[in-house]
Each structure stands twice: as structure tokens, then as C-alpha cells.
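A.B. asks: just a sequence and a predicted model for now, questions to come.
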Amino acid sequence: MATVILVRHGRTTANASGVLAGRTAGVRLDEVGRSQADRTGDRLAVAPLVGLVTSPLERCRQTSKAILGRRDGEQDVPVTVERGITECDYGEWQGRKLAELAKEDLWKVVQTQPSAAAFPGGESLQAMQARAVAAIRRHDAAFEAEHGPGAVWVAVSHGDIIKSILADALGMHLDLFQRISVNPASVSIVRYGSSRPDVVATNTDAGDLSWLRAKPPAEDAQVGGGAGHEAPSPPRS
């Protein structure tokens, strides 16, 4: 089974000012966000990536560039822009202050019953999840078909998008997806097996990822929890 690394973009000017950016053009990483993206790039530099798929929005492209920029110059990673993992269409909510939106009746629905939430002039959270999960699973199957079950790839996307993908992989109803946190530039890892997905990590911002170079484990879950990840031995000089 292939391995997908889900990366949220780094912090943006909109995040810092409490504005729901949505699909607004020109929203870029701020200084903190650029540092976060570089940090994530350093973590992923050891991963044997066969591809990178990114949301078309500028903040995700910047984060993707930072990830690829921390890699060895000889490691050429093909990049695909995928609209299926772009930000939710928040419609009339886009560009407004979160403090103002919290006073709307719909806010409570988004918090407690997101499966029933549809943004005025935009899309529903159910539609958002459906197209994001479909895109991730389609790319995952394609990478595995081309590169084999050890394929490792990155998808750079947005907070609600990644939360909805993780909820699907965990077998959670969309109404529970607000229980998942996905911070700026965080790394979450999923493996889609033939019988069920394996959620390997969620919302991490530190830690060694060299174990991604090792052969992926068997699809069967280890009774008792198993021995965990074992990083491959460093090459002998």
C-alpha cells in the first residue's frame, strides 16, 4: 500500500488576522508560515517522494515549494495541481472575520453537525469531503500502480480538507470531524490498504520521518500494537 503524507499549508496573513480566507486570491504565508513550511520541508527531506500533489491556492504552492526546496537537488519530484483538494468554497463567509461568523446561526451547525452545514453561495461540508477524499484516493491508487506498494507521496492542502480526509480514513462520521486538529504545516500520514485505511500519524510538527524509507508493514494490524517504526540503517561509509 502506498503512503500519503498530508501537509497543511503554513500560517498565512489571514490566519494571523482571524479572517476566513477561503479561496481568496493573493493570500500568502506570513513570516511564521514560511518558517513552518521550511521546518516541514526539513522533516520530509528524508522521505523517498515519488510525487507531490497540491491545492492550486497560493499558500499551498508556497508550502510545496518550501518542501521541495529543502530536498537534494538530484531528487526531482513531479508536481501536480489538483482542484479536488482546494479549499472549501465558503461562499458568502469568505473574507469575513471569524469573530463575526461565530455569531451566525450556521456557526453552531458547523461546530456540532457539520454534515448538515452548507455555506450560503458556496458548498456543503459533505460535498467538500466527497471531492477531497475522491481526489486523494485516486492519486494514491495511481502512485501505487506506477511505483509499487512502497510509494510515498505528499498532498499539500487546507485544514478542513485534511480533517475531512482523516475523518474518512478513521471511519468517523463527518459530524465528528471537528474533534480532529490539523495545525499549519502539520504532517499527517495515511496508508490505504485493501481492507481498511491505516492512519499512521495526525497533526505532527516534529519527529524523525526517516522510517518512511523502510519497507511498509503488512496490511494486517499487529495484535498488541506491534513494535512500531524502525528507521532504516544508515549507509556504511
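C.D. replies: Perfect, thanks for sending it.
A.B. asks: any idea of the mean pLDDT in the longest helix belonging to the chain?
C.D. replies: Of all the segments of type helix in the chain, defined by DSSP state H, the longest one is helix 125-147. Helix 125-147 shows a mean pLDDT of 98.
A.B. asks: same question, stretch 39-47
C.D. replies: Per-residue pLDDT values over stretch 39-47 give a mean of 96.
A.B. asks: gap between it and the chain center?
C.D. replies: What separates the centre of stretch 39-47 from the centre of its chain is 15 Å, taken as C-alpha atoms, centre = their mean, to the nearest Å.
A.B. asks: buried residues in that stretch?
C.D. replies: The neighbour-count criterion (16 or more other C-beta atoms under 10 Å) identifies Arg39, Thr40, Gly41, Arg43, Leu44, Ala45, Val46, Ala47 as the buried residues of stretch 39-47. To be clear about C-beta, it is placed using only N, CA and C from the backbone, and glycine gets the same treatment.
A.B. asks: what is the nearest of those to Glu100?
C.D. replies: Within the buried residues of stretch 39-47, distances to Glu100 taken as C-beta to C-beta reach their minimum at Thr40, with 31.1 Å.
A.B. asks: point out where the chain drops to low pLDDT.
C.D. replies: Low-confidence segments of the chain, defined by pLDDT under 70: 73-75, 217-237.
A.B. asks: which residues in it form strands?
C.D. replies: Residue ranges of the strands in the chain, as given by DSSP state E, are 3-8, 49-54, 79-81, 152-157, 187-192, 197-204.
A.B. asks: format the ones you listed as TSV; extra columns: mean neighbour count and distance to Leu170.
C.D. replies: Below are the strands of the chain laid out as TSV (neighbours: other C-beta atoms under 10 Å; distance: least, C-beta to C-beta, whole Å):
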stretch	mean neighbour count	distance to Leu170
strand 3-8	26	13
strand 49-54	22	21
strand 79-81	14	25
strand 152-157	27	17
strand 187-192	22	9
strand 197-204	17	6
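A.B. asks: to Asn15, which of those lies closest?
C.D. replies: The closest of the strands of the chain to Asn15 is strand 3-8. By C-beta to C-beta, the value is 10.4 Å.
A.B. asks: circling back: turn the strands of the chain into JSON lines, columns for distance to Lys108.
C.D. replies: What follows is the strands of the chain, written out as JSON lines (distance: least, C-beta to C-beta, whole Å):
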{"stretch": "strand 3-8", "distance to Lys108": "25"}
{"stretch": "strand 49-54", "distance to Lys108": "33"}
{"stretch": "strand 79-81", "distance to Lys108": "35"}
{"stretch": "strand 152-157", "distance to Lys108": "26"}
{"stretch": "strand 187-192", "distance to Lys108": "27"}
{"stretch": "strand 197-204", "distance to Lys108": "24"}
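A.B. asks: can you say which of these is nearest to Glu92?
C.D. replies: Nearest of the strands of the chain (C-beta to C-beta): strand 152-157, 22.6 Å.
A.B. asks: show me what the closest one is packed against.
C.D. replies: Counting contacts by 3 or more C-beta pairs under 8 Å, 6 or more residues apart in numbering; DSSP states H and E, the secondary-structure elements packed against strand 152-157 are strand 3-8, strand 49-54, helix 58-69, helix 125-147.
A.B. asks: repeat the analysis, applying 7 Å as the threshold.
C.D. replies: With contacts defined as 3 or more C-beta pairs under 7 Å, 6 or more residues apart in numbering; DSSP states H and E, strand 152-157 has these neighbours: strand 3-8, strand 49-54, helix 58-69.
A.B. asks: mind putting the ones you listed in CSV, distance to Leu166 included?
C.D. replies: As requested, these are exported to CSV (distance: least, C-beta to C-beta, whole Å):
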stretch, distance to Leu166
strand 3-8, 7
strand 49-54, 16
helix 58-69, 17
